[in-house]
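Asker: I would like the atomic coordinates for the input below:
(chains A and B)
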Amino acid sequence: AQSVTQPDIHITVSEGASLELRCNYSYGATPYLFWYVQSPGQGLQLLLKYFSGDTLVQGIKGFEAEFKRSQSSFNLRKPSVHWSDAAEYFCAVGAQYGGATNKLIFGTGTLLAVQP
Amino acid sequence: EAQVTQNPRYLITVTGKKLTVTCSQNMNHEYMSWYRQDPGLGLRQIYYSMNVEVTDKGDVPEGYKVSRKEKRNFPLILESPSPNQTSLYFCASSDSYGYTFGSGTRLTVV
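Answerer: Below you'll find the predicted structure:
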């Protein structure tokens, strides 16, 4: 079955520390992978996406993610966390069909808290 | 500006009172979908549409209806809302570059 697993429900890091959020997927077709961020009371903002090519993807706000096919993973990283990064992060997988990105399957999210 | 517009942003209603959440996109996308977000469950697809007059069920369609009479609009209809439909709802449209989400509709059914 197609699925996305985010093993960490809640993570706390100190401001200035590095961050890695884990994402593993199970998907039969060639996956298209996404990371979204949701601040409290807000909608979903796309951080980055991987469709093909270079497996290290750069996104907005200093985030990057690396696609590792052998591990079925797409972990999100940031070298130095800022207090404004506190939010919930969602990994998602989808596929292309008919010229559009069809159904996205989301993980259950990782809530990031940042300590001063 | 390319966007997906949902209305209303917040809605409190009573059990059994029919309601419609509107969704409109200005990007000429063919694919549109509705998701609900619940704590600990992430986002789950309710319904999707691949083009005008073409709709299909997602993972959690029970209690919902949709229609796609025009390319830009994809309303979500709750004919008889129940408290278990209290949730945060997102409309989205997509093309080959990915998804654009609306700002969300927080629905409370009492």
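Asker: Mind listing the residues bridging to residue 32?
Answerer: Picking chain A for this. For residue A:32, the beta-bridge partners are residue A:94 (DSSP bridges).
Asker: hm, I was asking about chain B
Answerer: In this structure, residue B:32 bridges to residue B:49, residue B:93 when assessed by DSSP bridges.
Asker: For it, which residues are in contact?
Answerer: With contacts taken as CB atoms under 8 Å, 6 or more residues apart in numbering or on different chains, residue B:32 has the following neighbours: B:23, B:25, B:48-49, B:68, B:74, B:91-94. (C-beta placed from N, C-alpha, C; glycine too.)
Asker: Quick check: of the residues you listed, which lies closest to chain A?
Answerer: For chain A, the closest of the contacts of residue B:32 turns out to be residue B:94, at 4.4 Å, with distances computed as CB to the nearest CB.
Asker: Give the burial count for the closest one, as a bare number.
Answerer: 26 (other CB atoms under 10 Å in any protein chain shown).
Asker: What distance do you get for it to residue B:100?
Answerer: As for residue B:94, its distance to residue B:100 is 7 Å (criterion: CB to CB, to the nearest Å).
Asker: Common neighbours of the two, please.
Answerer: The contact lists of residue B:94 and residue B:100 share residue B:29, where a contact means CB under 8 Å, 6+ apart.
Asker: Which elements pack onto the worst-scoring helix or strand of chain B on mean pLDDT?
Answerer: Evaluated with mean pLDDT, DSSP states H and E, the helix-and-strand set of chain B has its lowest mean pLDDT in strand B:98-101, which scores a mean of 88. For strand B:98-101, the packing partners by 3 or more CB pairs under 8 Å, 6 or more residues apart in numbering or on different chains; DSSP states H and E come out as strand A:32-38, strand A:45-50, strand B:87-95.
Asker: what residues does the last one touch?
Answerer: Pointing back at strand B:87-95 there. Under the criterion CB under 8 Å, 6+ apart, residues A:43-44, A:99-102, B:4, B:6, B:21, B:23, B:25, B:27, B:29-38, B:43, B:46, B:74, B:76, B:99-102, B:104-107 lie in contact with strand B:87-95.
Asker: and if you look at stretch A:65-81?
Answerer: Outside stretch A:65-81, the residues within contact range by CB under 8 Å, 6+ apart are A:13-26, A:33, A:35, A:47-48, A:50, A:55-57, A:59, A:61-64, A:85, A:89, A:91, A:93, A:112, A:114.
Asker: Mind checking which of those are in strands?
Answerer: A:13-14, A:19-21, A:24-26, A:33, A:35, A:47-48, A:50, A:56-57, A:64, A:89, A:91, A:93, A:112, A:114 (DSSP state E).
Asker: From the residues you listed, list just the buried residues.
Answerer: Under a neighbour-count criterion of 16 or more other CB atoms under 10 Å in any protein chain shown, the subset of these counted as buried comprises A:13, A:19, A:21, A:24-25, A:33, A:35, A:47-48, A:50, A:57, A:64, A:89, A:91, A:93, A:112, A:114.
Asker: Checking residue A:29 next. Helix, strand or coil?
Answerer: Taken by DSSP: H, G, I helix; E, B strand; the rest coil, the conformation at residue A:29 corresponds to coil.
Asker: what about the nearest residue to it once chain neighbours are set aside, neighbour count?
Answerer: For residue A:29, the nearest residue in space outside its immediate sequence neighbours is residue A:95; the separation is 4.7 Å by CB to CB, 6 or more residues apart in numbering or on different chains. Residue A:95: 17 surrounding residues under other CB under 10 Å.
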